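quick one, structure for this:
(3 chains)
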Amino acid sequence: MTMQNDAYNFAYLDEQTKRMIRRAILKGLAIPGYQVPFASREMPMPYGWGTGGVQVSAAVLTPEDTFKVIDQGADDTTNAVSIRTFFERTAGVATTTTTRNATVIQTRHRIPEEPLTEGQILVYQVPIPEPLRFLEPRESETRKMHSLEEYGLMHVKLYEDIARHGHIATSYAYPVKVEGRYVMDPSPIPKFDNPKLGNMAAIQLFGAGREQRIYALPPYTQVVSLDFEDHPFVASKADHPCGMCGAEDSYLDEVIIDDAGGRMFVCSDTDYCEGRQTAGHKGKDAA
Amino acid sequence: MIDLNNVSKTFTLHNQGSAVIEVLNDVSLSVAAGECVALTGASGAGKSTLMRMIYGNYMAQAGEIRIGDVDLVQAEPREIIAVRREVLGYVSQFLRVVPRVQTLDVVAEPMRAVGVSADAAQARAQALLSQLNIPERLWTLSPTTFSGGEQQRVNIARGFAHAYPAMLLDEPTASLDATNREVVLTLIEEAKARGAAIIGIFHDEAARARVCDREIDVSRFTPGMAA
Amino acid sequence: MTPLLSVQGITKRYGHHIGCADVSFDLYPGEVMGIVGESGSGKSTLLNCLAGHMTPDAGQVVFDTRADGPRDTVTMSEPARRMLGRTDWAFVHQNARDGLRMGVSAGGNVGERLMAVGARNYGDIRAQATDWLGRVEIDATRVDDRPTTFSGGMQQRLQIARNLVTGPRLVFMDEPTGGLDVSVQARLLDLLRGLVRDMGLSAIIVTHDLAVVRLLADRLMVMKSGHVVEAGLTDQVLDDPQHAYSQLLVSSVLQV
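Modelled structure (predicted):
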């Protein structure tokens, strides 16, 4: 059953809200990496469950779209299922778990392994959009730092990492610089995914509901991960092949399989892993 | 080298009923290079006040105080500081130093300030301290803990470290034993010989007679004291 | 010689109350000037106007910039002024907590200004930070400790290192020895004196402690009720004060 009715707007949001969010998205696309404030609405789910991403998705969805939701790469987690169902009911759009068939993909904490193409939109759920928040809690001051391009503090965070751990230990939400201008938090994706942010064919939109910020990367934007000359950025992953499909190039989850310390590594991107298995690839733990 | 023309000094005590005390009136004197002049006069005649004025420490109400070509009465603070650094030395009766600084550095500092290399300044400081019989084991300690006589000698070493063209000496031989008194008098004679203009206060009459070319009785500039 | 800082007619009012009124002076390279006066005399207001933390109602603060020569910092763009604040200027707060990042290691605190002006080599940044810790007499083994584990005197020395690492030419200090034990004060003053001399720094020091200015300052300005009542060579103002208020101030100091 869908809750569509011609008397109502398409895709849950009222007309004024949708316009307001679309304006914020357009502004974000015009100034890549810049955090655009927007009047985030109450959504029928708690903060932290993707209210920012849901509002952005609702604002860009059209009736012809095919929608996919992933949470940590998986289509079948509670969060992904509930958001997918939400839009099936409120927008009546087609949904899919296949990356290449989707036109809008809402994601929490991952970028799909399969390269995205022109015409696709990737919507990120963002908990804390401000990369400078870690060291400078004053919002008035961080805004000024962005506007004046005072980003020394970002490197202080990386310096602290190396001083404490001997290497840059930040492994997710790794800060990037966009088109040589704005420093941006890529949401808590693993730094393994950072190289995919740059020069991507798809549009990338970032929505932070509680923090009321939207930012964006238009297609083919230059994105550089911050680092030091003598401690360069490395996109790391667990040094194993996937236990199910044998892939050596994908980001892996570590799964504990018994109470005797047994564990296996599997692709976090379920669609990617299933696609490979269907094509006949087999890992060492595959049944 | 040191020229005073019609210099007057009053103290106005604003917080004691605005009492105005005239201390010195119409002082004119001149000291040439290579000359040593003693200021004399009874206690309270204003010898120390005059010395302090010539150093720029006390302000003159009228007249001019020329050290070389700088009039201290009109000069900016930085000009006075430059004169003190390069031209005008002052050996006071009391040593005033930053705690913690070792004696060698206290003595070397005036030379470092005029650009003498660290090594050369250290060497000269060592020579002066030896000459003034400060035991070598004290050189690396701060002089704040020294005896009065030792402090006085460190003060003299510091005052004579740089070859100032003009010098003010306030009781340089007080509280010194015969040996060290002799060393100080030699230092004064050497300074004169290289052309320094010197003004001093000496209660030690023998010393005054030995190094001073003439005396100026300050009482004659003191209102109410002139005979 | 061009003054490093030329201040003309700085005035700041808080409603009808005067913060500071019509203050003018020139500060030359290498000069250290003290500003003394009781609480509420306007000395901190003046310092904040000079350092760009507060916008004066009237007057100019002309700084001799490296690139463009004398420029009025009151009317200069905010980015340019903030850039000065990270490079040629330094500000030492009375409370070290206001001038340090308490959640960041000592090395990170000192390195921040370097990274802010583009240093991107971790090894170099760390080496410079360690060198500066040594210059302010903090053991190199503390480089990765947070300032929360430091004593008050060490925090203040760390703040100084953090400020001086980029080789500024002008340092503003607001009661740099306030709140420290007397023995710690002496050590800090000696350190500051050495740094000022060795680096040829110009400095403006606001304090109510006359012993501090006697030791550090070449020149002195005495303020009362927002006005400068007397200015001159430090030892002259202290030993032969001319104005009624300066005389009161000097005679009020307890002798030990």
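
burial of the residue of the stretch 51-200 of chain C at minimum distance from chain A, as a residue count?
Closest approach between the stretch 51-200 of chain C and chain A, counting by Cβ to the nearest Cβ: C:Ala116, at 2.9 Å. Just so you know, the C-beta spots here come from the backbone N, C-alpha and C atoms, and that holds for glycine as well. Per other Cβ atoms under 10 Å in any protein chain shown, the neighbour tally for C:Ala116 reads 21.

I'd say it and A:Met154 touch.
No - applying Cβ atoms under 8 Å as the test, C:Ala116 and A:Met154 come out as separate, 10.1 Å apart.

and the strand or helix carrying C:Ile160, what other elements does it pack with?
Assigned by DSSP states H and E, C:Ile160 falls within helix C:152-164. Judged by 3 or more Cβ pairs under 8 Å, 6 or more residues apart in numbering or on different chains; DSSP states H and E, helix C:152-164 is in contact with strand C:89-92, helix C:96-99, helix C:106-116, helix C:122-135, helix C:182-199.

buried ones in it, by neighbour count?
Of the residues in helix C:152-164, those buried by neighbour count under the rule 16 or more other Cβ atoms under 10 Å in any protein chain shown are C:153-164.

in the chain, which spans are helices?
In the absence of a named chain, chain A is used. Applying DSSP state H to chain A gives helices spanning A:15-30, A:51-60, A:78-90, A:139-147, A:152-165, A:194-197, A:270-278.

nope, chain C please
Secondary structure of chain C (DSSP H): helices at C:43-50, C:78-86, C:96-99, C:106-116, C:122-135, C:152-164, C:182-199, C:210-216, C:234-239, C:244-251.

and for whichever residue of chain C sits closest to chain B, the neighbour number?
Closest residue of chain C to chain B, Cβ to the nearest Cβ: C:Ala244 (3.3 Å). Per other Cβ under 10 Å, the neighbour tally for C:Ala244 reads 16.

next: the one 4 residues further on.
Residue crowding around C:Leu248 was assessed by other Cβ under 10 Å; the count is 14.

check contacts around it.
B:14-15 (Cβ atoms under 8 Å, 6 or more residues apart in numbering or on different chains).

for residue 111, which non-adjacent residue is spatially closest?
Since no chain was named, I'll use chain A. Nearest residue to A:Ile111, sequence neighbours excluded (Cβ to Cβ, 6 or more residues apart in numbering or on different chains): A:Asp193, at 4.3 Å.

wrong one, I was asking about chain C
In this structure, C:Gly111 finds its nearest non-sequential neighbour in C:Ile125, 4.4 Å apart by Cβ to Cβ, 6+ apart.

and the one you found, what's its pLDDT?
What the model reports for C:Ile125 is a pLDDT of 96.

OK, contacts around it?
C:Ile125 touches A:159, C:107, C:111, C:114-115, C:119, counting by Cβ under 8 Å, 6+ apart.

most packed of the helices and strands packed on helix C:152-164?
Per-stretch averages of neighbours, counted by mean count of other Cβ atoms under 10 Å in any protein chain shown, single out helix C:106-116 among those, with a mean of 26.

list the helices and strands it packs on?
Looks like helix C:106-116 contacts helix A:152-165, helix C:122-135, helix C:152-164 (3+ Cβ pairs under 8 Å, 6+ apart).

for the ones you listed, give me TSV that also has distance to B:Glu136.
Below are the helices and strands packed on helix C:106-116 laid out as TSV (distance: least, Cβ to Cβ, whole Å):
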stretch	distance to B:Glu136
helix A:152-165	45
helix C:122-135	28
helix C:152-164	32
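
C:Leu201 is nearest to which of the ones you listed?
helix C:152-164 (7.9 Å; Cβ to Cβ).

following the top helix by length along chain B, which helix or strand comes up?
If you go by DSSP H, chain B has its longest helix at helix B:178-193. On the C-terminal side of helix B:178-193, the closest following helix or strand by DSSP H and E is strand B:197-201.

related to what we said a few turns ago, hmm, the residue of chain C closest to chain B is touching B:Leu13, no?
No - with contacts counted by Cβ under 8 Å, C:Ala244 stays clear of B:Leu13, the gap being 9.2 Å.

tell me where the model's unsure across the stretch 151-287 of chain A.
A:287 (pLDDT under 70).

which residues touch the residue in it that chain B sits nearest to?
In the stretch 151-287 of chain A, the residue that lies nearest chain B is A:Ala163 (31.7 Å; Cβ to the nearest Cβ). By Cβ under 8 Å, 6+ apart, the contact list for A:Ala163 reads C:105, C:107-108, C:126, C:143-144.

with A:Leu122 instead?
A:105, A:107, A:111-112, A:116, A:200, A:202-205.

and for A:Gly180, the neighbour number?
Neighbours of A:Gly180 using other Cβ under 10 Å come to 9.

look up how far A:Met154 lies from the residue nearest to it when sequence neighbours are not counted.
Residue nearest to A:Gly180 in three dimensions, not counting chain neighbours: A:Gln222, with 7.0 Å by Cβ to Cβ, 6+ apart. According to Cβ to Cβ, to the nearest Å, A:Gln222 and A:Met154 sit 17 Å apart.

same check, this time on C:Asp26
In terms of Cβ to Cβ, C:Asp26 sits 39 Å off from A:Met154.

so which of the two has more stuff around it?
Applying other Cβ under 10 Å to C:Asp26 and A:Met154 shows that A:Met154 carries more neighbours, namely 20 against 17.

correct me, but the more buried one touches A:Leu132?
Yes - using Cβ under 8 Å, A:Met154 makes contact with A:Leu132 at a distance of 6.8 Å.

what comes into contact with the helix holding C:Ile160?
C:90-93, C:96-97, C:99-100, C:106, C:109-110, C:112-113, C:129, C:132-133, C:135-138, C:142, C:147, C:150, C:171, C:176-177, C:179-181, C:184, C:187-188, C:191-192, C:195, C:199, C:201.

redo that, cut-off 7 Å
Helix C:152-164 has contacts (Cβ atoms under 7 Å, 6 or more residues apart in numbering or on different chains) with C:90-93, C:96, C:99-100, C:106, C:109-110, C:112-113, C:132-133, C:135-138, C:147, C:150, C:171, C:176, C:179-180, C:184, C:187-188, C:191, C:195, C:199.

so how many other residues sit close to A:Met45?
For A:Met45, the neighbour count with other Cβ under 10 Å is 15.

excluding its backbone neighbours, what's nearest A:Met145?
A:Leu132 (5.9 Å).

quick check on that neighbour: phi, psi?
phi -90, psi -10 (degrees, to the nearest 10).

so who does it touch?
The contact partners of A:Leu132, by Cβ under 7 Å, 6+ apart, come to A:142, A:145, A:153-154.

buried subset of these, written for PyMOL?
In PyMOL, a selection of the buried entries from the contacts of A:Leu132 looks like this (16+ other Cβ under 10 Å):
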select buried, chain A and resi 142+145+153+154
